[in-house]
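Colleague: Show me the folded form of this:
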Amino acid sequence: MSNQGLTVLGQGDGDGCCPGLLTAPLDEDRAAELARVFKALGDPVRLRLLSMIASRAGGEVCVCDLTPAFDLSQPTISHHLKLLREAGLIASERRGTWVYYRPLPEMTDRLAAVLTRPAEVPS
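Modeller: Model prediction:
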């Protein structure tokens, strides 16, 4: 069986700064950073919150519009939003008594790049 066109583990040809999970092994720091982000996404409430924020027309949403969608207390929703913020998935801005949230596409783009399989190299 030929190994032509296969990437040898540890010799990925990713874009240099952010090699994909499938092209090179992760170093300890990168694995810890990604684990924090995936952990934030590992909760159904947080995943729904991120989806609601990211899909909102205009690019941002008030916490007052998020809370009614869940059968959870406002402090619990705030806690979930804080974890998404700490993971670098969303940003927030206080305006008067309300907080508005917007997605940070840089992080979701990085996650997509990490999980994307490299294009097949023609033999």
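
Colleague: Poorly predicted segments of the protein, please.
Modeller: Scanning the chain for pLDDT under 70 picks out 1-22, 120-123.

Colleague: Identify the residue nearest the spatially most central residue of it in space, chain neighbours excluded?
Modeller: For the chain, the residue nearest the mean C-alpha position is T108 (4.1 Å; Cα atoms, centre = their mean). Of all residues not flanking T108 in the chain, L89 sits nearest, at 6.9 Å (Cβ to Cβ, 6 or more residues apart in numbering). From N, CA and C alone the C-beta is placed, and that goes for glycine too.

Colleague: Just confirm the one you found contacts P103, I think it does.
Modeller: Yes. Using Cβ atoms under 8 Å, L89 makes contact with P103 at a distance of 7.0 Å.

Colleague: Common neighbours of those two, please.
Modeller: L50 (Cβ atoms under 8 Å, 6 or more residues apart in numbering).

Colleague: In terms of neighbours, single out the busier of those two.
Modeller: Taking other Cβ atoms under 10 Å, L89 and P103 do not tie; L89 has more neighbours (25 against 20).

Colleague: so how far is E33 from S51?
Modeller: 22 Å (Cβ to Cβ, to the nearest Å).

Colleague: Of the two, which one has the most company?
Modeller: Set side by side, S51 and E33 show more neighbours around E33, with 15 against 11, by other Cβ under 10 Å.

Colleague: Now the strand or helix carrying the more buried one - C-alpha only, CSV.
Modeller: For E33, the element it lies in under DSSP states H and E is helix 28-41. Listed next in CSV are the C-alpha coordinates belonging to helix 28-41 (Å, rounded to 0.1, in the frame of the first residue of the first chain):
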residue,chain,number,x,y,z
GLU,A,28,0.1,21.4,25.0
ASP,A,29,-0.7,25.1,25.1
ARG,A,30,-2.9,24.9,21.9
ALA,A,31,-4.7,21.8,23.2
ALA,A,32,-5.5,23.6,26.5
GLU,A,33,-6.8,26.6,24.7
LEU,A,34,-9.0,24.6,22.3
ALA,A,35,-10.2,22.4,25.1
ARG,A,36,-11.5,25.5,27.0
VAL,A,37,-13.4,26.6,23.9
PHE,A,38,-14.8,23.2,23.2
LYS,A,39,-15.8,22.8,26.9
ALA,A,40,-17.7,26.1,26.5
LEU,A,41,-19.5,24.7,23.5
